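> Sequence below, structure please.
(chains A and B)
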Protein chains: 2
Amino acid sequence: MPQRYRAMFINSLSGYKSANLVGTSDSDGNTNLSIVSSVFHLGADPALMGMIVRPASVRRDTLENILSTQSYTLNHVHPEIYQQAHQTSARYEQFESEFDVVGLTPAYESDFHAPYVKESKLSLGLQLREHKTLEINGTEMLIGEIMWVNVIQQAVTEDGYIDIESLQSICISGLDGYHTTQQISRLEYAKPDLKTREKENWK
Amino acid sequence: MPQRYRAMFINSLSGYKSANLVGTSDSDGNTNLSIVSSVFHLGADPALMGMIVRPASVRRDTLENILSTQSYTLNHVHPEIYQQAHQTSARYEQFESEFDVVGLTPAYESDFHAPYVKESKLSLGLQLREHKTLEINGTEMLIGEIMWVNVIQQAVTEDGYIDIESLQSICISGLDGYHTTQQISRLEYAKPDLKTREKENWK
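So this is what the prediction gives:
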């Protein structure tokens, strides 16, 4: 397969991916913003999130900011900001802030270094806990611990589940496909001796 | 936070997750099937896929089969099989095959050990390349190389992008939310000096 075709094809195979903006700033407070589709849940206690960064494709300054300040935010993307989110993947000069260029607003939690995206409806602050270079292909894996979460209380249901569809969070297919979602259901915890059941009042 | 509430809440934070069934079999050919939402793209060349397995929550025999045979498949979940897919997360006895219990059909590619799911509309065969235990929380990371892909040709567009929405692939929120998708758009490769543009004929 030709290289571009191959990248498109292989990137489609894992299924839908989360759409997050990574907010960082250097030690002087110069901000950076970068879209990523490679964030994954790693554990609830401690609350850990993994992220794969490909040196060749993601803003190098985002990675450098995380390594030097240990601080970054993740911000869910919704339809009103998805074009701006996508535009952060362009190769701007190092002195340019993607916040300014694409028109998103940096905001701050007290005592936390990295900026979050004011327009996002779900933001979290992470502290870097581990950084590994995966020798198999030179990608970087970052593991962060969740320090705070910004989300409206109405989106959090009684059992702790966050109705991210009500926040209009979107997902990504391949390298450039963006999708809203429509919930089919929530299912009860599966047990061998019970039929699969929908949760009551899931909607 | 209480443990269950915390698990629900933290699992919702990364955003939408892919929905895949992992097909394996032991050296005697006894099959296993397990739903996972932790698959992530790792690189296109070589074509690598990552997957996080939590020993406490995922069928231990799936992990053991992968480690002993080096072979597994991933199979996208669609609305007609999502309840069966969810049911594979129940703790069946080791001698029971989730294929049989939930009513999905194992099928085989020639010269490939692990079974795929016949009812799935996109399946891939992986060979294990790396296995790391993440010391930070004891989860297991598996990295596999894609050996083959089963998908209808009509879903693959000219540039290599796979229209997984046309395959009705679904995504997951939190621990038990299932969603279909509705594509907003595909966007052109972003460049600093150009406005964000939709791809022509993306639909």
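
> how about the closest residue to A:Ala107 other than its chain neighbours, phi and psi?
Among residues not flanking A:Ala107 along the chain, A:Lys118 sits closest, at 4.2 Å (CB to CB, 6 or more residues apart in numbering or on different chains). Quick note: C-beta positions are derived from backbone N, CA and C, even for glycine. Here is the backbone geometry of A:Lys118 (degrees, to the nearest 10): phi -60, psi -40.

> May I have the residues that are in contact with A:Lys118?
By CB atoms under 8 Å, 6 or more residues apart in numbering or on different chains, the contact set of A:Lys118 is A:Leu104, A:Thr105, A:Pro106, A:Ala107.

> From chain B, how far off is it?
Distance from A:Lys118 to chain B, counting by CB to the nearest CB, to the nearest Å: 18 Å.

> now A:Lys132
The value you get for A:Lys132 to chain B, if CB to the nearest CB is used, is 8 Å.

> Kindly report the same for A:Gly160.
3 Å.

> and that residue, how many residues sit next to it?
Applying other CB atoms under 10 Å in any protein chain shown, we find 21 residues neighbouring A:Gly160.

> tell me the secondary structure for it?
coil (DSSP: H, G, I helix; E, B strand; the rest coil).

> From the contact counts, what lies against the helix or strand of chain A with the lowest mean pLDDT?
Lowest mean confidence among the helices and strands of chain A (mean pLDDT, DSSP states H and E): helix A:60-69, at a mean of 92. Judged by 3 or more CB pairs under 8 Å, 6 or more residues apart in numbering or on different chains; DSSP states H and E, the packing partners of helix A:60-69 are strand A:20-25, strand A:31-36, strand A:71-76, strand A:122-134, strand A:139-151.

> got those strands as CSV, with mean pLDDT and mean neighbour count columns?
As requested, the helices and strands packed on helix A:60-69 are arranged in CSV below (pLDDT from 0 to 100; neighbours: other CB atoms under 10 Å in any protein chain shown):
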stretch, mean pLDDT, mean neighbour count
strand A:20-25, 98, 27
strand A:31-36, 96, 24
strand A:71-76, 98, 27
strand A:122-134, 97, 19
strand A:139-151, 97, 19
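
> looking at these, which is closest to B:Ile170?
strand A:71-76 (18.7 Å; CB to CB).

> which element follows that closest one toward the C-terminus?
helix A:82-87 (DSSP states H and E).

> Chain neighbours aside, what residue packs nearest to A:Tyr92?
Per CB to CB, 6+ apart, closest to A:Tyr92 is B:Pro192, 5.1 Å.

> Am I right that the one you found is in contact with A:Ala90?
Yes. Counting by CB atoms under 8 Å, A:Ala90 is a contact partner of B:Pro192 at 4.6 Å.

> The two - which one has more neighbours?
More crowded of B:Pro192 and A:Ala90, by other CB under 10 Å: A:Ala90, with 18 against 12.

> Doesn't A:Arg6 belong to a strand?
No. In this structure, A:Arg6 is helix, not part of a strand, as judged by three-state DSSP.

> measure it to A:His113 for me?
38 Å (CB to CB, to the nearest Å).

> ok, now A:Ala85?
Taking CB to CB, one finds A:Ala85 at 22 Å from A:His113.

> Looking at those two, which is more packed in?
Shown here are A:Ala85 and A:His113; by other CB under 10 Å, A:Ala85 has more neighbours (31 against 19).

> contacting residues around that one?
A:Ala19, A:Leu21, A:Ile35, A:Val77, A:Val102.

> Tabulate those (a markdown table), appending distance to chain B.
A markdown table is the format used below for those (distance: CB to the nearest CB, whole Å):
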| residue | distance to chain B |
| --- | --- |
| A:Ala19 | 6 |
| A:Leu21 | 11 |
| A:Ile35 | 9 |
| A:Val77 | 8 |
| A:Val102 | 8 |
